[in-house]
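Show me how the following folds:
(2 chains)
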Amino acid sequence: MSEGNVDGVRSVFEELRSGGAHAVEAGRLEEAADLFERALDWAQEHGDARQVDLALCNRAAVAIELGGGEGDLPRLREILMRNSDPYNYLAAYNIARHYELAKSFKKALFYARIARDRSAAIGRREWLAGSHNLIGNNLLAESLIKEACAEYEQALDLMPTEPTVWRARILDNIGYCRVLQGRHREGYGYLYQSLRLLRRFAAERYEISTRLDLCFAHLETGRHEHAWKHGQTALSLAERMGEADSVKNALYLLGEVENLRGNVERARSHFSRLQREYFPDASYLPGFLLAVDVRKLINLHA
Amino acid sequence: MSQKVQQIQLVGRKIRQLRKDHKLTQVELSQRLGIQQSDLSRMEQGEYRVSLDTLFRILAEFKMSMGEFFEEIAEESIKPRDVRLIQDFNTLPEDAQREVEDFIAFKQTQRRRSGEDSDE
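Residues are numbered from 1 along each chain as shown, chains lettered A, B, ... in the order given. Predicted coordinates for the structure are as follows:
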């Protein structure tokens, strides 16, 4: 292949990857998956081994976010074992993310810490920030709230200060921790900053989590109208995006809002739908949730 | 101790009591629930919040009917009347909430004074 051709191939490759990265940033994961798949095809046909690894890590990252990516795990582990390769950060990060979504939080923590160490070793601040955020997610899922918050704060410090979707997601995480810690005023500050950024970038997929956390925060402080508004928006977005866990949390929170507002029938309707669609064997669930306030037991980020 | 902490600890105690009633070790129950034994231990100590999935797995494991699980907790923590009072309070504007708080403070002072009088 001539040098000109190599540059051309690299430019097509980088163009596809860059398009994929933008689609991820905006939460358009299906589009990103398609672009990264095409980047991988290009790399396999024209590129070198490192480009193939990079494209594979990118494709796996999106597949994992979309609930798949199981088939890529052996290749990711293989990349991770090649210590000299900077892309092994991406492999560790993706494996950690896979375990996080599979709710194996301890395994996820193990790989997230590898990702943190590798990104620190190569001095990539944005990767290090991503690793701290991922460690925070898994600590939070394990109810280690103070420790999780410390990780999120480190992530935020390492992030560039300009507004990004990534920044918004970290702000959401810190906000939720603060609400759980009873520091509601601070929590609102972070959560509304997050929402403003996400709306600016039209990142609807990521808006779901911030809306759910705002719903919970307002519920905790007795502002039921605001809680309802955010819960309802989160539900609509989660239904549209097919985010089952978020639909579950939204139905639960909306039921709780209606119950606390004294609208028992509306509360029952949300709880019944939650039971019908997600816990079909638990016929007691609507009555149970109407009678018992489980807010202090529930972790929306677990 | 805050009511929030108390309530989570009561749930933890209830889980431990139910586990023992069912003659299960922490290892056995955690395996059935698909969680780590260390997490169950923290749950029993009231240090662990769970997802909706995990909460309903616990209830299903003990085949609990509505209210049974939380009967003890409801008795020891917030009663429906308390919830209603808080809800009503939250519907008031800020200045009215302050008036209610002042009135409560006044009644508490009055009560303390009458206690001091009767001590004398």
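
Can you name every helix or strand that the strand or helix carrying A:Asp117 contacts?
Element membership of A:Asp117, judged by DSSP states H and E, is helix A:105-122. Packing partners of helix A:105-122 (3 or more C-beta pairs under 8 Å, 6 or more residues apart in numbering or on different chains; DSSP states H and E): helix A:88-101, helix A:125-141. Where C-beta positions appear, they are placed from N, C-alpha and C, glycine not excepted.

elements contacting the shortest one?
Using 3+ C-beta pairs under 8 Å, 6+ apart, the elements in contact with helix A:88-101 are helix A:49-65, helix A:73-81, helix A:105-122, helix A:125-141.

for the second one, which positions count as buried?
Of the residues in helix A:73-81, those with enough neighbours to count as buried (16 or more other C-beta atoms under 10 Å in any protein chain shown) are A:73, A:76, A:79-80.

Can you lay out those as CSV showing distance to chain B and pLDDT?
Output for the buried residues of helix A:73-81, formatted as CSV (distance: C-beta to the nearest C-beta, whole Å; pLDDT from 0 to 100):
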residue, distance to chain B, pLDDT
A:Leu73, 20, 93
A:Leu76, 24, 93
A:Ile79, 28, 90
A:Leu80, 24, 90
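
Can you give me every residue that contacts the closest residue to A:Pro160 other than its chain neighbours?
Using C-beta to C-beta, 6 or more residues apart in numbering or on different chains and skipping the chain neighbours, the partner closest in space to A:Pro160 is A:Glu126 (7.3 Å). Taking C-beta atoms under 8 Å, 6 or more residues apart in numbering or on different chains as the criterion, A:Glu126 is in contact with A:158-160, A:166.

what comes into contact with stretch A:182-192?
Counting by C-beta under 8 Å, 6+ apart, A:171-172, A:174-179, A:181, A:210, A:213-214, A:217, A:220-221, B:2, B:4 sit against stretch A:182-192.

make it 10 Å
Residues from elsewhere that reach stretch A:182-192 (C-beta atoms under 10 Å, 6 or more residues apart in numbering or on different chains): A:149, A:152, A:156, A:168, A:170-181, A:209-211, A:213-214, A:216-218, A:220-221, A:223, A:226, A:230, B:2, B:4.

Show me just the buried residues among those.
A:149, A:152, A:156, A:168, A:170-180, A:209-211, A:213-214, A:216-218, A:220-221, A:223, A:226, A:230.

among these, which are within reach of chain B?
A:180, A:220-221, A:223 (C-beta under 10 Å from any C-beta of the partner chain).

out of the buried ones among the contacts of stretch A:182-192, which are inside helices?
Mapping those onto helices (DSSP state H) picks out A:149, A:152, A:156, A:168, A:170-180, A:209-211, A:213-214, A:216-218, A:220, A:226, A:230.

show me the contacts for the residue most central in space within chain A.
Taking C-alpha atoms, centre = their mean, the centroid of chain A lies closest to A:Tyr206, which sits 7.1 Å from it. Taking C-beta under 10 Å, 6+ apart, we find A:Tyr206 in contact with A:25-27, A:165-166, A:168-169, A:172, A:194, A:197-198, A:237.

Dump these into CSV; add secondary structure as well.
Below are the contacts of A:Tyr206 laid out as CSV (DSSP: H, G, I helix; E, B strand; the rest coil):
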residue, secondary structure
A:Glu25, helix
A:Ala26, coil
A:Gly27, coil
A:Val165, helix
A:Trp166, helix
A:Ala168, helix
A:Arg169, helix
A:Asp172, helix
A:Ser194, helix
A:Leu197, helix
A:Leu198, helix
A:Leu237, helix
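
hmm, which two among those residues are most spread apart?
Using C-beta to C-beta, the contacts of A:Tyr206 reach their maximum pairwise distance at A:Trp166 and A:Leu237, which is 19.0 Å.

And the residue of the stretch 51-200 of chain A closest to chain B?
A:Ser143 (4.5 Å; C-beta to the nearest C-beta).

wait, is that residue part of a helix?
No: counting by three-state DSSP, A:Ser143 falls outside a helix, being coil.

Surely it and B:Tyr48 touch.
Yes: taking C-beta atoms under 10 Å as the definition, A:Ser143 is a contact partner of B:Tyr48 at 4.5 Å.

higher neighbour count, those two?
Ranked by neighbour count (other C-beta atoms under 10 Å in any protein chain shown), A:Ser143 and B:Tyr48 place B:Tyr48 first, with 24 against 21.

separation between that one and A:Ser236?
31 Å (C-beta to C-beta, to the nearest Å).

again, but for A:Glu45
42 Å.

Let's verify the residue nearest to A:Val179 when sequence neighbours are not counted: helix, strand, or coil?
In this structure, A:Val179 finds its nearest non-sequential neighbour in A:Gly187, 3.8 Å apart by C-beta to C-beta, 6+ apart. At A:Gly187 the chain is in helix, as set by three-state DSSP.

so how many other residues sit close to A:Gly187?
Neighbours around A:Gly187, by other C-beta under 10 Å: 24.

Next: A:Arg50.
Neighbours around A:Arg50, by other C-beta under 10 Å: 13.

ok, now A:Glu277?
12.

so it is in which element?
With DSSP H and E as the test, A:Glu277 turns up in helix A:264-278.

May I see the buried residues of that helix?
Those would be A:266-272, A:274-275, A:278, for helix A:264-278 by 16+ other C-beta under 10 Å.

Redo these as CSV? Include distance to A:Asn58 and pLDDT.
Shown next, in CSV, are the buried residues of helix A:264-278 (distance: C-beta to C-beta, whole Å; pLDDT from 0 to 100):
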residue, distance to A:Asn58, pLDDT
A:Arg266, 44, 96
A:Ala267, 44, 96
A:Arg268, 45, 95
A:Ser269, 42, 97
A:His270, 38, 98
A:Phe271, 40, 96
A:Ser272, 42, 96
A:Leu274, 35, 97
A:Gln275, 39, 95
A:Tyr278, 32, 96
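
Now the closest residue to chain B within the stretch 101-250 of chain A: closest residue in space, sequence neighbours ignored.
Of all residues in the stretch 101-250 of chain A, A:Gly222 sits closest to chain B, at 3.4 Å by C-beta to the nearest C-beta. Using C-beta to C-beta, 6+ apart and skipping the chain neighbours, the partner closest in space to A:Gly222 is B:Asn90 (3.4 Å).
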